[in-house]
Structures are given as structure tokens and as C-alpha cells.
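> Sequence first, predicted coordinates after that:
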Number of protein chains: 2
Amino acid sequence: MAAVTLAGVARHAGVSLATASRVLNGSDRRPAEEIAVRVRASALELGYIANAQAQALARSSTGLVGLVVHDISDPYFSSIARGVQHGARQFNRQVLLASTDPAENAELEAVSAFASHRTDAIILAGSRKQSTGSVLEKELQRYANNGGRVVTIGGGSGVGISLPIGNYDGALALVTELVERGLTRFAILSGPPGLKTVRDRVRGFTDALQAAGLAPLAVVADNFTHDGGFSAALACRKELEGERACLLAVNDVMALGAITALRSVGMTVPGDMMVTGFDDIPTLRDTTPGLTTVHLPLERMGETAARLALHPKSTEPEPIVGKVLLRDSTG
Amino acid sequence: MAAVTLAGVARHAGVSLATASRVLNGSDRRPAEEIAVRVRASALELGYIANAQAQALARSSTGLVGLVVHDISDPYFSSIARGVQHGARQFNRQVLLASTDPAENAELEAVSAFASHRTDAIILAGSRKQSTGSVLEKELQRYANNGGRVVTIGGGSGVGISLPIGNYDGALALVTELVERGLTRFAILSGPPGLKTVRDRVRGFTDALQAAGLAPLAVVADNFTHDGGFSAALACRKELEGERACLLAVNDVMALGAITALRSVGMTVPGDMMVTGFDDIPTLRDTTPGLTTVHLPLERMGETAARLALHPKSTEPEPIVGKVLLRDSTG
DNA sequence: ATGTGATTGGAAAGCGTTTTCCAATATAGA
DNA sequence: TCTATATTGGAAAACGCTTTCCAATCACAT
């Protein structure tokens, strides 16, 4: 049972292909109402559904927007994805998702696949190692040259529009506030140095410390994940020889991993060690103690990215500013 | 700067369209190596990227699989999505995501959009109100009739393959274990009765209670979300007049909402009230007290669903069985 | 040489739309 | 009544590929 085609509808309604197309799938020309009614009736009766592939080919616009994230099960990314989805719906676009997970060149593969599917736009969430002149950048550039729009959330891919995130400022403000509250002993739980986000935040931490005449007692880098935070915290604890300090994690999931790690060795937060995060992921509603962090409007970021990607005349947007939230994990 | 087409590559390599196609985009016929090399070189030099839309049209297969979830930022769904993504990659498919969120008929819209895009398969996660003969079911049926595959995770849509989840058995086992441990006072935090998942789990709870000669002290229904759990817990507390009992939430996010609610009125868990969940979402790693729940292999479920959807000869699968995890939230 | 069968590259017919022309008809103005 | 001008429906040419034929070439045994 082959799908009903436009030709079938046209035949059934006794009109031409052109007329049927004009009636059913928006056009600037509106056939006479009498005919339109007949065509619509036929379409309904036969259960016609336009073939988006064929339309894409003819119109050279697919109605698709590609979203690249590292791990869709990470609350940071799934919140952004939700926003992107919302934004896309407002423009009548469907979201093509790529969760690039562990595979090293998965990100490149995803971009290639999106380019192949001729998505109208590509949104990159979570800045990747961005060696200028990288294969990824070349691919994105080619995509952009062919008319595709590129939006990068928080971290220039070097191509297209970038939605700037106040990573540096947020990190700076966080540590500044903590110092004002009298904390002096800090250690940094960092992530892969290849990520721009990581570099920006770490720089914010250290600059704030420096401004206060302080320096981190330790800097440990690990994966940008829960497990990364877990092992980084343990390593850090060794370096600090168990002495109380404030662990500045470079994002919330790492911070949560760190807290779990500290608990697993019998330490309490904030009693024996303090911890901070970054992002304010929704998960934090349910964790105790409340995690001190920098709030980012994740969902709105996704929606904004979608708008930037899909709105014809969108310009460089206002930067997203983070808001420091002091909670119990820092006493 | 228009995109490079296959015709362009063929011309540049001095071969026909047919030959170029055979060399570049898999075919059962392999042109002579000498020619193949020339074509590949041209493709590389010109930066050719096949137009997936055109291929889809010609092959009548899009390489797309549609995933419908209620809320991609809910850890339950994002874990499943991760699995689907993995599974899809193994079959070289891209994932089209629809997070249907608040809009009432968004689910139907999503299915229509997927049908229009001629996705090779549609995966429905999170059973929706499934009035047999509903518009949604009709739409799915039509999709299936046109050769699309439909997989429903945990809750028959009445169309296509269903991946059965041991909701009833898991709920039954959970309560049975709790009763064995001496608990006698229970209340149920239920979700929208339209959801099959909800009905199955609640039935499991009540059947287990009945078997032990018990009955729930209260049954409160609310949204299937964190907020739903929050307000349901408060309502429940009223009905119980603050007396200690075990709140059986119908899923983890509701349970977490419930715990937050209880805390907000100064009650402790499990001291003043006990709480259980269902699903074992990854979030639970970081919450205290540990939530007693029924573990489901969410990511694997997604992967299995993808396999079922994409593997040519897949049959009704083994049901997924839940595993009871007793943790601190029940003492 | 000759016939047989396998192998190869290419021409052309789709796939299901949109959209540009064109011709035909209707409308208005004189 | 007749031309000038809109308005309308339809034929056909794209869009970028795959795939079915077809004809040409080749190897090989006769």
C-alpha cells in the first residue's frame, strides 16, 4: 500500500498537479475557493500526507535543524535541548539530534550527516576542542558557505553566530563572593582543557583568586562528567591532605560527583569540605546540601539559539550572564 | 555558492552520473578500480556531500528514525533518548526528536511531522492516553500501513511492536518487599490516569497491598512531574494527618518532588515519612537519602527500541523486568 | 574466426514535489 | 463591441539522486 501522492489527490479531484500543490501546500497563488474545497476534500479522503523529502528537494529547504550535544542524558544538555525544541517548534522546524558521546570524531560525523541532510541550520552545544583550522571547522565552514546557518552555544566554533555565555564573568563573580565571605582555601576541579568552556571558567576562578592575593591549592583536571568529578575530588583530597577547602568544580555534574566521592570516604559537605558547581541544572532541586553554583538559563539559551539559527535576520545576541547562587554547600 | 552535486562530480571525473553514483554511494555494482579512484578524487576535490533528501526520494528510505518523548529534560526520557541515539547510530540512522511537552495534541503533530518526513520508524516513549480508535492511533496505523515501523516503549499504542516493561510486576515486587519488612501504612502518589504506565504501576501497588490484606490509606493523583509529586505529597500529608506512612510514588521524579515537599514543611525522610519511586533515574546517584525504587535499564531500553525499529526481522522482544532497590528512603 | 556469457559504462526513466511559463478565460474600460 | 489587463488552471521543467535497461566490450572455450 504505497503512500498517497499529490498526483493521486489531483487526479481524484480532477485538477492538475500544480493546482493541487497550490491548494494544499502554501503558495502565493490561491486557486478559486470552489476548486480548493474539492482538492482539500480529496486529500482528506485519501489521507494524503505531503512528502517532506520531495518538498525539500523542490524548495531547497528541509525544515530541519540539527542539534549537536555531547550527551543528551546530561541535564545540562537535555535542558538546552528542550529549549531548542521549543524554539524550533515556533518556526515549524523539526529537530535532528546527535548525541556524540564517547566516539572521538562523532561530532564531525554528526555535522557531516546534518550537512548531508541539508538541515537549514546546525546548533552546536558544548564547545569542542576548537583548534582553528580543524577538520570540524572546515566542515562547518563549507556548510555555512552552502547557505547553512551555524550557531554555537558558548564557545566560538569560529563559524557562524555564537551565543556568548558569561563563563568567565560568572566564575569570577562566584569566587569573588566566596572570598568576600571569608573563604581563603580553594582548589579547582577542572575538565578537559580542550573545551573552551572549561578554560574560560578556570580562568575566571584563578583571576578572582589572584585579585584577592590568593592562589588555588590544587588544580585537578578530569572528565567533564559525574565520574570525572568523583575521581577528581578524591585526587584533590589527597593533595590537600584532607584539610578543609572549597572545591571549585567547573560544572554542576562534576560537583555532584565530587560530593558523592567525599561522602564515600566519610567526609561531609560543607563540614569537612565545601563544593561549588556551575550551570544550576534542574537536578539541584533535589540534592542536599543545596549546591552553590552559577545559574544559567539553560532552556532559554536553547530557545535563543534556535531563534538565532532560524530567524532570517538575527544578529549577534546579548551575552548570557550567569547569576551566583550561594547555597548550603559552602556553609 | 551552490552545493556540489553528483552531476558536477561526474562531469569533473569524466564519467556518467550512474557511474559516479555507483562509486560514491554504495551499490551492488562496483565500477573498475581505476575509474573509482578518479571519481573519489573528484568528489574529494570538489567537496561533494550527497544530498540525503534526494537520496531518500530516489531510494524511498530516509535514514531517519523519529523519537517522541514527553519532556526531553526529564532524566527518564533523556536516558532513553541516549539509548535510542546509540542504537540508531549502529544502523547509520539519524534521530529526529520531538519533545511534546505541554501542548495537548503535540504528540499527534509530532507523529504527523514524522510521517511527512517519511522516517523509517517512529519510537514512542512514555505511553500516552491510548483510547483505542483515537486520532493518534489512526495516524500511527496509517503510517504503519505505508511501511513505517512503530515501536512503543512500555505501553501499547495498539500499533506496531511494543517493548513491554514490567511495570506491574515491578510495582508488585516493590510493595511486597516493603510489606515483608514490616511496613503496613501506605499511600499512593499517582499520575494522570490516562497513562498506561501509571495504571499498571498503581495496579501493582494495590494488588500487592490487597494480597497482604492491606489497602492504601490515600491515593492522590497529580502530574507525572516533579511539581506533581510536590503537590501530591502535600495533599497526601493532609489526608494522612501527618502520620507516618510510606508514599508510593509512581515514578522517581514525583518521588523526588515529594521529598522536597516534605522537607519544605519540616518533615524528614524516612523519619517522618517514607517515600519510594520507580525507574531508578541517574539523578538518584546524588540525592540523599537514597531513594528506594525499581530499577529499569533505561538506556538499554532505548537501544532495544531502536534495534526493534530498525532491524528488518525483529520480533516481539523479551519484556524488561524491573529490579527492586531498597535504599534509605524507606529506612 | 566464432559464438557465449559475463562484465562494464551510460542513457534515461523515475522518486514527489514546486514553480515558471503559457494559454485561456474573465473583467474592466472605452 | 473591442481591446487591454487581470486572473486562473495546467503543462512541463526543474530539484539531485538511484536504478533499470541497453549496448558495448572483454575473456574464453570452441
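Thanks, I have the structure now.

> Let me see the ranges of the strands in chain A.
Listed in chain order, the strands of chain A (DSSP state E) span A:64-69, A:94-99, A:121-125, A:149-153, A:161-163, A:186-190, A:218-221, A:246-249, A:274-276, A:293-295, A:323-325.

> Could you give the bridge partners of the residue most central in space within chain A?
By CA atoms, centre = their mean, chain A has its centre lying nearest to A:Ala125, at 3.2 Å. Beta-bridge partners of A:Ala125, counted by DSSP bridges, are A:Ile153.

> cool, A:Val294 as well?
Going by DSSP bridges, A:Val294 forms beta bridges with A:Val324.

> how about the residues of chain A that lie near DNA strand C?
A:2-3, A:5-7, A:17-18, A:21-22, A:24-25, A:27, A:48-51, A:54-55, A:57-59 (CB under 7 Å from any atom of the strand). The C-beta positions use only the backbone N, C-alpha and C, and glycine is treated the same way.

> repeat that for 6 Å
For chain A, the residues in contact with DNA strand C (CB under 6 Å from any atom of the strand) are A:5-7, A:17-18, A:21-22, A:25, A:27, A:50-51, A:54-55, A:57-59.

> Buried ones among the residues you listed?
Buried members of those, counted by 16 or more other CB atoms under 10 Å in any protein chain shown: A:5-6, A:21-22, A:50-51, A:54-55, A:57.

> can you give me the helices for the stretch 101-250 of chain A?
For the stretch 101-250 of chain A, helices defined by DSSP state H, counting those that start in this stretch occupy the ranges A:106-116, A:135-145, A:167-180, A:196-211, A:226-240.

> As JSON lines, those helices with mean pLDDT and mean neighbour count would be great.
Shown next, in JSON lines, are these (pLDDT from 0 to 100; neighbours: other CB atoms under 10 Å in any protein chain shown):
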{"stretch": "helix A:106-116", "mean pLDDT": "93", "mean neighbour count": "21"}
{"stretch": "helix A:135-145", "mean pLDDT": "91", "mean neighbour count": "18"}
{"stretch": "helix A:167-180", "mean pLDDT": "97", "mean neighbour count": "21"}
{"stretch": "helix A:196-211", "mean pLDDT": "96", "mean neighbour count": "20"}
{"stretch": "helix A:226-240", "mean pLDDT": "95", "mean neighbour count": "21"}
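
> ok so, going back, and which of the buried ones among the residues of chain A next to DNA strand C is nearest to B:Leu214?
A:Ala50 (55.8 Å; CB to CB).

> and that closest one, how far is that from B:Ala232?
Between A:Ala50 and B:Ala232 the computed distance is 43 Å (CB to CB, to the nearest Å).

> cool, A:Gly271 as well?
Plainly put, A:Gly271 is 33 Å away from B:Ala232 if you go by CB to CB.

> I'd assumed A:Ile80 was in contact with A:Asp71.
No: counting by CB atoms under 8 Å, A:Asp71 sits too far from A:Ile80 to count as a contact (11.5 Å).

> For those two, indicate the residue with more neighbours.
A:Ile80 (30 against 20; other CB atoms under 10 Å in any protein chain shown).

> how about the nearest residue to that one, chain neighbours excluded?
In space, and not counting its chain neighbours, A:Ile80 is closest to A:Gly302: 4.0 Å by CB to CB, 6 or more residues apart in numbering or on different chains.

> same check, this time on A:Gly14
If the residues on either side of it in the chain are set aside, A:Gly14 comes closest to A:Arg38, at 7.4 Å by CB to CB, 6+ apart.

> do A:Ala233 as well
Leaving aside its sequence neighbours, A:Ala233 sits nearest to A:Ala258 (CB to CB, 6+ apart; 3.6 Å).

> Just want to check the distance between that neighbour and DNA strand C.
Using CB to the nearest atom of the strand, to the nearest Å, A:Ala258 is found at 54 Å from DNA strand C.

> so who does A:Leu189 touch?
A:220, A:222, A:229, A:232-233, A:236, A:247-250, A:254-255, A:258 (CB atoms under 8 Å, 6 or more residues apart in numbering or on different chains).

> do you know how far it is from A:Asp207?
Taking CB to CB, one finds A:Leu189 at 17 Å from A:Asp207.

> How about the residues of chain A by DNA strand D?
Residues of chain A lying close to DNA strand D by CB under 6 Å from any atom of the strand are A:15-19, A:31-32, A:35, A:57-58.

> Among those, which lie within helices?
Residues of those located in helices (DSSP state H): A:17-19, A:35, A:57-58.

> got those as a markdown table, with distance to A:Arg185 columns?
As requested, these are exported to a markdown table (distance: CB to CB, whole Å):
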| residue | distance to A:Arg185 |
| --- | --- |
| A:Leu17 | 75 |
| A:Ala18 | 76 |
| A:Thr19 | 77 |
| A:Ile35 | 79 |
| A:Leu57 | 63 |
| A:Ala58 | 65 |
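
> Could you identify the most distant pair in the residues you listed?
Using CB to CB, these span at most 26.1 Å, a distance reached by A:Ile35 and A:Leu57.

> what's the pLDDT at the residue nearest to A:Gly14?
Looking at A:Arg38, its pLDDT stands at 90.

> measure stretch A:153-168 end to end?
Length of stretch A:153-168, first residue to last, CA to CA, to the nearest Å: 15 Å.

> buried set for that stretch?
A:153-168.
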